[in-house]
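Asker: Task: produce atomic coordinates for the following.
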Amino acid sequence: MIGNYSFRDVFATDDIPLENIPEEGIVFGDFDSREKGWYLLERSAPTPAEQEVIETVPFRQGVFDFSEYNGDRYFKNREITYTFLHLGDNYEDRKLVEHEIKRELLPQTISNLVDTHDRFYHWSGKVKSINVTDDHEFGTLKAEVVFECYPFAIRNGDEFDDIWDDVYFPHWVFMHKRYTVNSNSDITIPLINIGSHMMIGEMKVISGSVTVNSKTVNTGQKIELEVSRNTVGNGRYDFKVKGNGVVEFSAYREEMI
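Answerer: Got it, this is the predicted structure:
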């Protein structure tokens, strides 16, 4: 006994098995690669190709590039490839594991793809192909899974919900989600887009009645917003509202990562 504390020896025990669960992986629909015992070896997410609209004119140098519109460039889908390893099964069990990863992934329609590597974002896409190779000598399976995804990563949370534990200070902007409008003169609400292209959001009237661009919006109604990405910095749209009521904003930022 030392002071008010007593100590005893602690001995090793085999009563509680040690779980060897992979730390990195993906979640796609109901499939979680970590729970299925797949170890992530490699991931590859090259940037997508642009949807180019180019015209040439005789006797003019160079080309006319019409690929940009409203300050945005437009891209094709991108391929994201993951290579997994599965350990320690006999041949019959390995074939079952191979069947299961194909059965669980390939039939799924376009869904959210969550990668443990990207804490703040997810992808949207579907499985394009699954190639599984069997190593009989070492009793392992290697699976290459290719996803075809929307070109931009999508932020997990609402751009106007500033949850402190999720704030990524190197790339973040704080904005108020809810405003009270209580006069008949315009109030200016700044909306800022730090994403990689135009941010589509909405304004909902929680209570009351407000006027936006000569349009009256009442309790429970919504209007769509577009906040462009400024090519030299943050896109900012000064949104003007007048009337009496409470309004709330929401949007989901997209990034080229």
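Asker: Might you report the residue contacts of the closest residue to residue 116 other than its chain neighbours?
Answerer: Excluding the flanking residues, the one nearest residue 116 by CB to CB, 6 or more residues apart in numbering is residue 24, at 4.9 Å. (Each C-beta comes from the backbone N, C-alpha and C, glycine too.) Counting by CB atoms under 8 Å, 6 or more residues apart in numbering, residue 24 touches 34, 40, 116-117.
Asker: Please check those and keep the buried ones.
Answerer: Neighbour counting with 16 or more other CB atoms under 10 Å marks 34, 40 as buried within the contacts of residue 24.
Asker: Same list, the contacts of residue 24, but as TSV with secondary structure, pLDDT and distance to residue 141 please.
Answerer: As requested, the contacts of residue 24 are exported to TSV (DSSP: H, G, I helix; E, B strand; the rest coil; pLDDT from 0 to 100; distance: CB to CB, whole Å):
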residue	secondary structure	pLDDT	distance to residue 141
34	coil	95	16
40	strand	96	14
116	coil	93	20
117	coil	90	22
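Asker: and the contacts of residue 24 as TSV, adding distance to residue 228?
Answerer: Listed next are the contacts of residue 24 as TSV, based on distance: CB to CB, whole Å:
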residue	distance to residue 228
34	39
40	37
116	32
117	29
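Asker: how close does residue 26 get to residue 215?
Answerer: 43 Å (CB to CB, to the nearest Å).
Asker: between those two, who's got more neighbours?
Answerer: Set residue 26 next to residue 215 and count neighbours by other CB atoms under 10 Å: residue 26 wins out with 23 against 9.
Asker: Quick check: bridge partners of the more buried one?
Answerer: For residue 26, the beta-bridge partners under DSSP bridges are residue 115.
Asker: do residue 216 as well
Answerer: Here residue 216, judged by DSSP bridges, has bridge partners residue 211.
Asker: Could you please name the strands the helix or strand of the chain with the lowest mean pLDDT pairs with and the direction of each pair?
Answerer: Using mean pLDDT, DSSP states H and E, the weakest-scoring helix or strand in the chain turns out to be strand 68-69, at a mean of 76. The pairing partners recorded for strand 68-69 under DSSP bridges are strand 72-73 (antiparallel).
Asker: helix or strand right after the partner strand?
Answerer: Counting by DSSP states H and E, the next helix or strand C-terminal to strand 72-73 is strand 78-86.
Asker: all helices of this protein, in order?
Answerer: Per DSSP state H, the chain carries helices over the ranges 91-105.
Asker: What is the burial count for residue 237?
Answerer: Counted with other CB under 10 Å, the neighbours of residue 237 add up to 17.
Asker: thought it was touching residue 249?
Answerer: No - the criterion here is CB atoms under 8 Å, and residue 237 misses it with residue 249 at 11.0 Å.
Asker: measure the residue nearest to residue 108 when sequence neighbours are not counted to residue 104 for me?
Answerer: Excluding its sequence neighbours, the residue lying closest to residue 108 (CB to CB, 6+ apart) is residue 29, at 4.9 Å. The spacing between residue 29 and residue 104, counted by CB to CB, is 8 Å.
Asker: quick one: common contacting residues for the two?
Answerer: Common contacts of residue 29 and residue 104 (CB under 8 Å, 6+ apart): none found.
Asker: Spit out the residues that contact residue 237 and residue 249 alike.
Answerer: In terms of CB under 8 Å, 6+ apart, residue 237 and residue 249 are both contacted by the residues 191, 225.
Asker: give me the low-pLDDT residue ranges for the stretch 1-150 of the chain?
Answerer: Low-confidence segments of the stretch 1-150 of the chain (pLDDT under 70): 1-20.
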